[in-house]
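Novice: model this:
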Amino acid sequence: YSTDGLAGLARVWHRYQRLLAGERLVPRPVLYNSWEATYFAVDAKSQLELAGIAADLGVETFVVDDGWFVGRDDDTAGLGDWTPDPAKFPDGFEAFIAEVRGLGLRFGLWVEPECVNPRSRLYAEHPDWVYQVDGRPLTPIRNQYLLDLGRPEVAEFVHSTLDGLLRRYDIAYLKWDFNRPRTEPGRAGADGPLDLDGAHVTALHGIYDRLRRDHPDVLIESCAGGGARTDLAMAGRADIFWPSDNTAPMDRLAIQHGFLHANAPHLLSSWVTDAPGIFDPRPRSLAFRFVLAMAGVLGIGADIRHWTPQQRAEAAGWISRYKEIREIVTHGEVHLIGGPDQARCAVQYTSPDGRRVVVLAWH
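Specialist: Residues are numbered from 1 along each chain as shown. Now for the predicted structure:
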């Protein structure tokens, strides 16, 4: 409840989410994500080239997205078989991560542990682990099926897979993705009705809680076909939310304006991507894109190999500026000014002691 309208209600939500974050409410590192630069064409050489440039810009965490594991040359195979591809990392995955770390960067990795491709070792060994209804064909979406996380053996597989990766490799950041809805809402051989939703989410929360306990320094980004898991239960477990796969600047301006009506800025992951990009032919300046992404947790998803020296210098300046203000963006009281459909559109962050104010504004 708030007497100050929607903007005031947003601040009530923000206070509650900060309470949920507890000791984890600290400024997030500036990250680079490789997805839009390389897509599935991941290999040590291309990733290290990106990592080197990112480090020069002032990036702090380098995240290798989809394409790093065995069989994953496109979206038709590999999900479920979470082993680094030795062909893509010929000197070994540990050595690759060590090179990234040697650049002064923390290392992050993309995973989608609740899903499986029909073309995978996991599905060949456990076809009964996916949601299914007797007598109905399975529906592939994005060439994948959804694991029945309510099965204890499936939940244990997902937990042990992630826990094993975090114990074996020097990983400081997980981008946990979830790219399809559930279809065929049943369980093979089940006797009587089942609360599949409740069982799945309970298991999911349990896995998060165990990973939090055993790997307290690892940041986890919750992504679900965009922001489909942006809820309060996840706000107490995930460190960052991915609001949308649409990173087009003008669309993101509206998306982030809406996001901040319900969610605190420490949860808002926002990237600077290439313009024009894959969603929007309307170009916007690098300054516009950086100030937009600075409204929450700053990231870069552009192919920075093609940025000119002038663009790289400008980007380094914006990253440096963000590091000066992110403490206030993380902890400050948020005031939404105008909106994307109005002449004025800005966000104001006021430090808890009221002594410092940051304003991000777009024309």
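Novice: Starting from Phe259, give me the distance back to the spatially most central residue of the chain.
Specialist: Residue closest to the mean C-alpha point of the chain, counted by C-alpha atoms, centre = their mean, is Glu221 at 4.0 Å. Distance of Glu221 to Phe259, computed by C-beta to C-beta, to the nearest Å: 14 Å. Every residue, glycine included, has its C-beta placed from N, CA and C.
Novice: list the helices and strands the host helix or strand of Trp110 packs on?
Specialist: Per DSSP states H and E: Trp110 is located in strand 106-111. Helices and strands touching strand 106-111, as assessed by 3 or more C-beta pairs under 8 Å, 6 or more residues apart in numbering; DSSP states H and E, comprise strand 31-33, strand 61-64, helix 93-102, helix 152-168, strand 173-176.
Novice: and that strand with helix 93-102, angle?
Specialist: 130 degrees (axes from the mean of the first three to the mean of the last three C-alpha atoms, to 10 degrees).
Novice: can I get the CA coordinates of strand 106-111 in PDB?
Specialist: Extracted C-alpha coordinates of strand 106-111, given in PDB (Å, rounded to 0.1, in the frame of the first residue of the first chain):
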ATOM      1  CA  ARG A 106      35.400 -13.300 -13.200                       C
ATOM      2  CA  PHE A 107      34.000 -16.200 -15.200                       C
ATOM      3  CA  GLY A 108      30.300 -17.000 -15.900                       C
ATOM      4  CA  LEU A 109      28.500 -19.700 -17.700                       C
ATOM      5  CA  TRP A 110      25.000 -20.200 -19.400                       C
ATOM      6  CA  VAL A 111      22.900 -23.300 -18.400                       C
END
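Novice: quick one on the thing from earlier: could you save the helices and strands packed on strand 106-111 as TSV and add columns showing mean pLDDT and distance to Asp251?
Specialist: Output for the helices and strands packed on strand 106-111, formatted as TSV (pLDDT from 0 to 100; distance: least, C-beta to C-beta, whole Å):
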stretch	mean pLDDT	distance to Asp251
strand 31-33	98	18
strand 61-64	98	22
helix 93-102	98	31
helix 152-168	98	32
strand 173-176	98	21
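Novice: Dump these into CSV; add mean neighbour count and distance to His331 as well.
Specialist: Output for the helices and strands packed on strand 106-111, formatted as CSV (neighbours: other C-beta atoms under 10 Å; distance: least, C-beta to C-beta, whole Å):
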stretch, mean neighbour count, distance to His331
strand 31-33, 26, 20
strand 61-64, 26, 20
helix 93-102, 17, 29
helix 152-168, 16, 28
strand 173-176, 24, 21
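Novice: hang on, the earlier thing: contacting residues around the strand holding Trp110?
Specialist: The contact list for strand 106-111, computed with C-beta atoms under 8 Å, 6 or more residues apart in numbering, reads 29, 31, 33, 35, 60-66, 68, 82, 97, 100-101, 162, 165, 169-177, 219.
Novice: who touches Ile300 in this structure?
Specialist: Listed by C-beta under 8 Å, 6+ apart, the contact set of Ile300 reads Val30, Leu31, Tyr32, Asn33, Ala54, Leu57, Val59, Trp271, Val272, Thr273, Ala293, Ala315.
Novice: could you say which helix or strand contains the fifth one?
Specialist: It stands for Ala54. Using DSSP H and E, Ala54 falls in helix 44-57.
Novice: rounded to a whole number, what's the mean pLDDT of that helix?
Specialist: Averaged across helix 44-57, the pLDDT comes to 98.
Novice: and stretch 336-343, how far apart are its ends?
Specialist: With C-alpha to C-alpha, to the nearest Å as the measure, stretch 336-343 spans 13 Å from end to end.
Novice: Which positions in that stretch come out as buried?
Specialist: Residues Leu336 are the ones in stretch 336-343 that count as buried (16 or more other C-beta atoms under 10 Å).
Novice: Figure out how far that stretch is from the centre of its chain.
Specialist: Distance of stretch 336-343 from the chain centroid (C-alpha atoms, centre = their mean, to the nearest Å) equals 27 Å.
Novice: Same question for stretch 280-299.
Specialist: For stretch 280-299, the distance to the chain centre is 17 Å (C-alpha atoms, centre = their mean).
Novice: Same check on stretch 261-277?
Specialist: Going by C-alpha atoms, centre = their mean, the spacing between the C-alpha centre of stretch 261-277 and its chain's C-alpha centre is 10 Å.
Novice: what does stretch 343-363 give?
Specialist: Its chain's C-alpha centre and that of stretch 343-363 lie 25 Å apart, by C-alpha atoms, centre = their mean.
Novice: Just the buried residues of it, please?
Specialist: Buried, per 16+ other C-beta under 10 Å, within stretch 343-363: Cys345, Val347, Tyr349, Thr350, Ser351, Val358, Leu360, Trp362.
Novice: Now, those residues that are in strands?
Specialist: When those are checked against strands (DSSP state E), the matches are Cys345, Val347, Tyr349, Thr350, Val358, Leu360, Trp362.
Novice: Tell me which stretches of the stretch 251-363 of the chain form helices.
Specialist: In the stretch 251-363 of the chain, the segments counted as helices under DSSP state H, counting those that start in this stretch are 286-293, 309-331.
Novice: So which of these is nearest Gly78?
Specialist: With C-beta to C-beta as the criterion, Gly78 lies closest to helix 286-293 of the helices of the stretch 251-363 of the chain, at 30.1 Å.
Novice: picking that back up, and of the helices and strands packed on strand 106-111, who's closest to Ala248?
Specialist: strand 31-33 (16.3 Å).
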